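Chemist: A structural model of the following input is requested.
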Amino acid sequence: MATTKPEHSMSTEERLSALYKLQTILTEIDRIRTIRGELPLEVKDLEDQIEGLKTRISNIKAEIDATKKASLDETNKIADSKAKIEKYQAQIDTVRNNKEYDILSKEIEYQSLEVELAEKHLAEYARIIDAKKAEISATEEMLADSNHILTSKKAELEEIVSETKSDEENLREEAKKLEAAFDDERLLNAFKRIRKNARNGLGIVTIQRNACGGCFNRIPPQKQTEIRLHKKVIVCEYCGRILIDPDLTGDTNKTAE
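Modeler: Numbers count the residues shown, from 1 in each chain. A predicted model of the protein is given here:
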């Protein structure tokens, strides 16, 4: 897209007035963005939170599946041990000496302990599964609440964007035209840099009661005179903002905001 060239060389007064007008437009754009507030960030945080909750539910379900598999293994151990106990009990009635009897008795005792231990494991696994299911239930409630809030926040954001989109686009277009018509690129870039570094986004301010309208430090009389002559660009020696005579803003009672 071709850049519009200034039709004539601008005077310092015209440049200062143009910068002030540009700042007014950019400040209005900032105001529109402020209206949206933290909603875009809140929406993004909620979306991340929802994904985290879904992942948590998925992980818990995987843990339940693993615990069920462990429970099945313990159930199979119990069945195997009980089958061995029945086998040894059948054999114990046909032993021929005390040594065989002692061996079979110890095997029966060992397998009985194995059954007892497996049953304890089964009980513990059952408690774990119940706790995991309760955790899933609580997480699903959190997920439902988060989805509800997200839907509401998205609707709110869409409404605000819809209401302000046209205004913002018009302002941005107006700002582009002003920048394209500005004949001093170095001054324009300096203004943008000052504005970016300023906490309140003001790169050019009026003098108020003989003080800088940005940092409120007193301006020396000689500089006040130079500012009112509109012959050169004067910056505040304290905050670095460009200083402008209120007469150039069209409102002698208001700072460039």
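
Chemist: so how far is the top helix by length along the chain off the chain centroid?
Modeler: Looking across the chain with DSSP state H, the single longest helix is helix 98-181. With Cα atoms, centre = their mean, to the nearest Å as the basis, helix 98-181 stands 19 Å off its chain's centre.

Chemist: Likewise for stretch 40-54?
Modeler: Put simply, stretch 40-54 sits 8 Å off its chain's centre (Cα atoms, centre = their mean).

Chemist: Please spell out which residues along stretch 62-69 are buried.
Modeler: Using 16 or more other Cβ atoms under 10 Å as the test for burial, stretch 62-69 gives 64, 67. Heads up, the C-betas are built off the backbone N, CA and C, glycines and all.

Chemist: Just the mean pLDDT for that stretch, thanks.
Modeler: Averaging pLDDT along stretch 62-69 gives 97.

Chemist: neighbouring contacts of it?
Modeler: Identification of contacts with stretch 62-69 by Cβ atoms under 8 Å, 6 or more residues apart in numbering yields 125, 128-129, 132-133, 136.

Chemist: and with 6 Å instead?
Modeler: Contact with stretch 62-69 is made by 125, 128-129, 132, as judged by Cβ atoms under 6 Å, 6 or more residues apart in numbering.

Chemist: Looking at those residues, which is nearest residue 153?
Modeler: Lowest distance from residue 153 to the contacts of stretch 62-69 (Cβ to Cβ) belongs to residue 132, with 30.5 Å.

Chemist: buried sites along stretch 35-48?
Modeler: Neighbour-count burial for stretch 35-48 flags 36, 39, 42-43, 46 (criterion: 16+ other Cβ under 10 Å).

Chemist: which helices and strands does the longest helix of the chain pack with?
Modeler: Counting by 3 or more Cβ pairs under 6 Å, 6 or more residues apart in numbering; DSSP states H and E, the packing neighbours recorded for helix 98-181 are helix 12-36, helix 39-92.

Chemist: Single out the most deeply packed of those helices.
Modeler: Ranked by mean neighbour count, the helices and strands packed on helix 98-181 are led by helix 12-36 with a mean of 18 (mean count of other Cβ atoms under 10 Å).

Chemist: quick check, distance from it to the centre of its chain.
Modeler: Relative to its chain's centre, helix 12-36 lies at 28 Å (Cα atoms, centre = their mean).

Chemist: for it, packing partners?
Modeler: helix 98-181, strand 204-208.

Chemist: okay, the angle between the next helix or strand after the first one and helix 98-181?
Modeler: Sequence order places helix 185-197 as the next helix or strand after helix 98-181, per DSSP states H and E. Between the axis of helix 185-197 and that of helix 98-181 there is an angle of 140 degrees, by axes from the mean of the first three to the mean of the last three Cα atoms, to 10 degrees.

Chemist: So which residues make contact with helix 185-197?
Modeler: Against helix 185-197 from outside (Cβ under 6 Å, 6+ apart): 19, 182, 201, 203, 240-241.

Chemist: swap the cut-off to 8 Å and go again
Modeler: Outside helix 185-197, the residues that touch it by Cβ under 8 Å, 6+ apart are 15, 19, 22-23, 26, 179, 182, 201-204, 233, 235, 240-242.

Chemist: same thing with stretch 137-152?
Modeler: Taking Cβ under 8 Å, 6+ apart as the rule, stretch 137-152 contacts 43, 46-47, 49-50, 53-54, 56-57, 60.

Chemist: switch to 6 Å and redo it
Modeler: Counting by Cβ under 6 Å, 6+ apart, 46, 49-50, 53, 56-57 sit against stretch 137-152.

Chemist: again, but for stretch 79-93
Modeler: For stretch 79-93, contacts defined as Cβ under 6 Å, 6+ apart pick out 104, 107-108, 111, 114-115.
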